[in-house]
Each structure stands twice: as C-alpha cells, then as structure tokens.
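Engineer: Mind looking at a prediction? Sequence and model below.
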Amino acid sequence: MTENTGIPKTLSTRHRFPELDLLRFLAACSVMLFHYTFRGPEDHAWPGHFPHIGQIFKYGYLGVDVFFILSGFVILLTAWQKDAVAFTIARMVRLYPAYWTCVTLTTVALLLAGNNLHRLTPGQYLANLTMLHSFFGIRDVSGVYWTLAVELKFYFIIFLVLAARQVQRIGYILGGWLLASILLSLGGTGGVARFFLFPQWSSYFIAGAMFFLVHRDGPDVYKLCVIALCYVISLGYALNLLPWRATHINQITTAAPVLVALLTFFYLVFLAISLNRRAGSSSSRVFYVLGLLTYPLYLIHQDIGYILLRRAPAALGRDIILLLVIAAIIGLSGLIHYFPEKWLAFHLNRSLLAAQKIAVTGLSRAGRRVRARGLQMKTGAPVGRVPSPGAPGCEIFGLKPSSAPVPVMGSTAVPPDALHRETPNPTPGGASRSAGAPNSAGRVASSDGFAPIASNSSPIVGEEVTSPPASDRFASIAPNPS
C-alpha cells in the first residue's frame, strides 16, 4: 500500500534541480580557484602569483558555505521519502565510491611526488577510507576532507529524525537545533553538545533545509524567521564576531562589506529558488553533468592540483598553467565519475541491499521465535509442544477448536487429543515419543498437517509454514543518491 505523502511530483527525489547543480559546480570551482590563486601561493604550495585575481578568489572559501546550504536543501529532499536504513544506504552509495577512489589517487600521487610536509602511513590511508578518521584525531590525506566530517554530523541528525519517524516535524526540530546553536555560540564551551550540533556551521544546514520546506509547503512567518536567524548567525561567524570559527579561515584578511554582500547574495539566491515553484520542474543535461563532476572535483583538486602546478613547465606561463591544470582536474573528475565511481557505486548498492535483506530476514525469524516462546509461556504449554485444537489457548496459535479428526500423514484419522497424548510407540532406547514431537521424517504434526523443521531442533511453535511474499518483507525505497 503506497502512502500519500502529499509531496508534489516536481519534488520527486529522482528529479534534479538544474539550478542547484550549477550552484554546486560553481561553488567547487570557487574553492579550487581559492587554493590555486590565493592559498597555494600564500603557503608556497606552488610558485605562481596572482596579485589581482588572487584578491578576488581569496573569498572563494565561501564556496564551502554554499555547499552546506545545498546539503541542507538536497539531503532533506532525498530523505523525505526514505526510512533511516534507505537513507543510510543512499548516502553511502553516493559518498564512498568517489571518496575511496579520490583518497587512493591522492595518496598515490603524494607518495610518487614526495610529500615533504606530512608523511603518509598505511594506517592513515586505511583510516581515511572510513571517512570517520577525523573523529579519532587522524590527519586527513587531503586538507579538503574536513568538510566531510561536518557533513556526516548533519547526516547523523537526519538519520535520527528518520529513525524516530519525525520527519513531518522537521521544521520544529530545525528550530530547536537553531536555538541550541545560538545558545552554544553565545555560551562559550559546549562539549558533547557542541560536537554534535556544530553551531559554527549548523546555520547553513538549517537554512538549506528550511529553504526546501519553503519550496515544498510555501513560505510562512516561522520558516522565514528561522532563515533570517540563520543568516544572522552565519554573518556572526563569517565576520569573526562569534568564536569557534575554523582557524585557517581566521588567518585570511578579508573585507567585512564583501563578506556581508556575498553571504546576502547566497541567501537571496536560495530564497529565489525556494520561492520559485517551477524550480526543479525542468532539467539540463549540461548542468546535470556538471553537478555529477562536483564531488570528485572537490576531493582531488587540492593536492593533485598542486602537484600538477609545480610540475608544469614554467615556460608556459602561470596563466596557461593555471588553465591547463583546471581543465585537467575537471577531466580527471569526469573519468573518476564515469568509470570507478559508477562501478563501485553499483556493486556497493547491490551489496548493501543484499545485506539489508539478510538482516531483515534474520530479525523477522528471530522475532517470530520470540513471540512464539512468549505465547507458549502465556498458555502454560511446555516449550516445543503446540496445543491441539480445542485445547486452552489454541486460538493464539492460529488453531481453531474442532472435534473433527486430525489427519496424520500416512495413517488413518486420529482423535484431536492424540497430538497431546503420549503414544505407546517406543522409540529406540525405550523412550516414548509424543505425537507432537518430530517423527522420523523430521516433521511435526500441526493443524494443517506437517510443518517441516530442522532435524536437530525443537518445533518452532506458531511459526508459519508459508513465508509472506518478499515484496512485503523487504519493501524499501531504492536508494537514489543525489
């Protein structure tokens, strides 16, 4: 039975927003140009110097802020029609294949080029493959991976909402999260709460999720007030008016009016998209492809890009080198997506769904066993014996009171109480056998004849002979990572 969620067709999780695909790609390019034209020369990662465009793209780090708003919007969109397990599978299939490929390529490139800053170890590489390494104090293989730890915290919050089946109340949950973030921002320390709620970045995720709700349900005073408060908190951290901003951002000399103008522009762009009811109703193949390339581009651009910039012939000139390296990184991102990422995603998705099916089957069988034991104890019947028709409690086990003879395979009809009565047939060794115990064929008598059981196990009381259809047991929404 399909539940009517009330979500418009234009908000199908299989539909993409071309506007968001373009924004995602532009944000990744701004971060890439920030590293190549400003951060790289400043840190002597390569000898190029761009006195003019470097001063423009030193604000390119704000592309990360755009990523976080995008995640708030897109993740809530994709999670809305999923349960917690389907959401987890979708995120793993979307994140890990490209990530594993990029971590491996970056590690190999650094080893071949000779990494003089931080020596990579096999343990560090393997820990990075889990994407959980930073939570245990293990250094990133590439510096840009720090944002993935922030994303995982947001995914964990959405997972908890889905597990508690509270997605319909997500608007109020986001409001509570924002209130807690404000208190943590003004209160200094926070310990565990600060770790899980990450107030220095939470305003972007909350705003993005609220923009999705505005697009889905329309604007109202509450949603707009939450977005406005998120905007204020974002400005507070961007301008260093609030503590706990990332230290590498604090080291950049920026102009406050420019930061205010850029953040205001970002929020207005997302507000325009959320208020446009036709947004997401069309598609663009070009924007779609650019959106697909964004993730691997972001993961490989820094260290591999620096290596290419340093190894390029100086005679080409810094501008030509810059353009060639940007083109090479975009091309390599395409190769990563269309070959190893797709192959790994397919096999990872199949493996996770198979594991989910096995887990559901095991839990279902264990649950039936537990319920059967409990019902047996409630009726007072000995463990391993099914009440015969007409006996007290037989209705609990699906047996109807009946005085009709119960047929026994390969014999004539016997009275109903024969299943409960000790028979004089001795088994080898002189022990008598109950008619309700397994016979030589490994079967036990039941109201429907004989139900097969394991030859060395007791009858599972109350367990159905016929399993329900697979579509009922394993119904789930196929992961559709965005």
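Structural biologist: Cool, got the structure.
Engineer: Is residue 129 in contact with residue 100, as I believe?
Structural biologist: Yes. With contact defined as Cβ atoms under 8 Å, residue 129 counts as touching residue 100 (5.9 Å). In this view, the C-beta of every residue, glycine as well, is placed from N, C-alpha and C.
Engineer: Pull the residues that contact the helix or strand harbouring residue 55.
Structural biologist: Element membership for residue 55 (DSSP states H and E) is helix 53-57. Contact with helix 53-57 is made by 30, 33-34, 37-38, 41, 50, as judged by Cβ atoms under 8 Å, 6 or more residues apart in numbering.
Engineer: Make a ChimeraX selection of the buried ones in these.
Structural biologist: Those of the contacts of helix 53-57 that count as buried under 16 or more other Cβ atoms under 10 Å are selected in ChimeraX with:
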select :30,33,34,37,38,41,50
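Engineer: just the helices in the stretch 151-300 of the chain please.
Structural biologist: Assigned by DSSP state H, counting those that start in this stretch, the stretch 151-300 of the chain shows helices spanning 170-187, 192-197, 199-217, 221-238, 247-250, 256-275, 285-311.
Engineer: Pick the most buried one from the ones you listed.
Structural biologist: helix 199-217 (a mean of 25; mean count of other Cβ atoms under 10 Å).
Engineer: mean confidence for that helix?
Structural biologist: The average pLDDT for helix 199-217 rounds to 95.
Engineer: what's that helix packed up against?
Structural biologist: Other helices and strands packing on helix 199-217, by 3 or more Cβ pairs under 8 Å, 6 or more residues apart in numbering; DSSP states H and E, are helix 63-79, helix 170-187, helix 221-238, helix 256-275.
Engineer: Residue 341: which of the ones you listed is closest?
Structural biologist: Closest to residue 341 of the helices and strands packed on helix 199-217 is helix 63-79 (Cβ to Cβ; 17.8 Å).
Engineer: so residue 267 sits right up against residue 233, yeah?
Structural biologist: No. Applying Cβ under 8 Å as the test, residue 267 and residue 233 come out as separate, 11.7 Å apart.
Engineer: Which helix or strand in the protein has the lowest average pLDDT?
Structural biologist: When the helices and strands of the chain are scored by mean pLDDT, DSSP states H and E, strand 449-452 comes last with a mean of 36.
Engineer: what distance separates the longest helix belonging to the chain from the centre of its chain?
Structural biologist: Scanning the chain for the helix with the most residues, using DSSP state H, yields helix 342-379. Put simply, helix 342-379 sits 20 Å off its chain's centre (Cα atoms, centre = their mean, to the nearest Å).
Engineer: pLDDT below threshold where in this protein?
Structural biologist: For the chain, residues meeting the criterion pLDDT under 70 lie at 1-15, 115-118, 188-190, 243-251, 279-283, 379-482.
Engineer: can we see that at 50?
Structural biologist: 1-14, 247, 396-399, 403-404, 406-414, 416-482 (pLDDT under 50).
Engineer: Pull the distance from stretch 205-223 to the chain's centre.
Structural biologist: Counting by Cα atoms, centre = their mean, stretch 205-223 is centred 21 Å from the centre of its parent chain.
Engineer: List of residues touching it?
Structural biologist: Residues outside stretch 205-223 that contact it (Cβ under 8 Å, 6+ apart): 7-8, 11, 68-77, 80, 154, 170-171, 174-175, 177-178, 181, 224, 226-227, 230-231, 234, 267, 270-271, 273-277, 279-280.
Engineer: first to last residue in stretch 50-62, what's the distance?
Structural biologist: Distance across stretch 50-62, first residue to last, is 19 Å (Cα to Cα, to the nearest Å).
Engineer: Same question for it: list its buried residues.
Structural biologist: By neighbour count on 16+ other Cβ under 10 Å, the buried set for stretch 50-62 is 50, 54, 57-62.
Engineer: Now distance to residue 309 too, for those residues, in JSON lines please.
Structural biologist: Formatted as JSON lines, the buried residues of stretch 50-62 follow (distance: Cβ to Cβ, whole Å):
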{"residue": "50", "distance to residue 309": "12"}
{"residue": "54", "distance to residue 309": "14"}
{"residue": "57", "distance to residue 309": "15"}
{"residue": "58", "distance to residue 309": "17"}
{"residue": "59", "distance to residue 309": "21"}
{"residue": "60", "distance to residue 309": "16"}
{"residue": "61", "distance to residue 309": "18"}
{"residue": "62", "distance to residue 309": "22"}
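Engineer: For stretch 321-337, buried residues please.
Structural biologist: Of all the residues in stretch 321-337, those buried under the rule 16+ other Cβ under 10 Å are 321-322, 325-326, 329-330, 332-333, 336-337.
Engineer: which residues sit against that stretch?
Structural biologist: 29, 32-33, 36-37, 48, 50, 98, 101-102, 105, 292-297, 300-301, 304-305, 308-309, 312-314, 316.
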